[in-house]
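J.: need a 3D model of the following:
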Amino acid sequence: MYLGKIAEMASRDDLFWHPLHPYTQALLSAIPIPNPKVKRERIILEGDVPSPLNPPSGCRFHPRCPVAKGNCAIEIPELRELRPGHYVSCHYAEDSL
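T.: Have a look, this model is predicted:
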């Protein structure tokens with residue numbers, strides 16, 4: 001969830017191994033790996049978290065999203081099933097498939 005809206009919903013394994021929403025990808029990139037020799041590419045989100053009392057128009061994540069385009073600020077993305085049992089609220093989640 002991001003600012004009270006579902007960003008992505010999937011089984012545990014599918015979510016951890018194949019995240020499709022940019023917010024989920026950023027969250028998972030922050031998980032420490034217990035092996036110091038293994039490095040994970042961090043996704044650092046820019047900007048401030050918007051107020052939940054006054055959320056942005058369109059996709060609530062668009063002000064901080066690294067893949068946002070013009071329509072993200074206008075259109076609220078639907079929660080769509082992109083793979084069996086894997087739902088994502090992002091206009092551009094197919095790019096991660």
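J.: going forward, measure contacts between C-alpha atoms and count neighbours the same way
T.: OK.
J.: report the central residue of this structure.
T.: Centre of the chain computed as the mean C-alpha position; nearest residue by CA atoms, centre = their mean is residue 23, 2.4 Å away.
J.: three-state assignment of that residue?
T.: In terms of secondary structure, residue 23 is helix; the call rests on DSSP: H, G, I helix; E, B strand; the rest coil.
J.: ok, it touching residue 65?
T.: Yes. Look at residue 23 against residue 65 with CA atoms under 8 Å: they come within range, at 7.3 Å.
J.: contacts only, for the residue nearest to residue 29 when sequence neighbours are not counted.
T.: Nearest residue to residue 29 in three dimensions, chain neighbours excluded: residue 42, at 5.0 Å (CA to CA, 6 or more residues apart in numbering). With contacts taken as CA atoms under 8 Å, 6 or more residues apart in numbering, residue 42 has the following neighbours: 26, 29-30.
J.: kindly report the same for residue 58.
T.: When contacts are counted by CA under 8 Å, 6+ apart, residue 58 touches 71-77.
J.: ok, residue 96 next?
T.: For residue 96, the set of contacting residues under the criterion of CA under 8 Å, 6+ apart consists of 19-21.
J.: any idea how many residues pack against residue 61?
T.: By the criterion of other CA atoms under 10 Å, residue 61 has 23 neighbours.
J.: and what of residue 18?
T.: Should you count by other CA under 10 Å, residue 18 turns out to have 15 residues around it.
J.: phi and psi next, for the residue nearest to residue 14 when sequence neighbours are not counted.
T.: Nearest residue to residue 14, sequence neighbours excluded (CA to CA, 6+ apart): residue 86, at 7.6 Å. With angles defined as degrees, to the nearest 10, residue 86 shows backbone torsions of phi -120, psi 110.
J.: am I right that residue 38 falls within a helix?
T.: No. Under the criterion used here (three-state DSSP), residue 38 is coil, not part of a helix.
J.: relative to residue 17, how far out is residue 73?
T.: According to CA to CA, to the nearest Å, residue 73 and residue 17 sit 28 Å apart.
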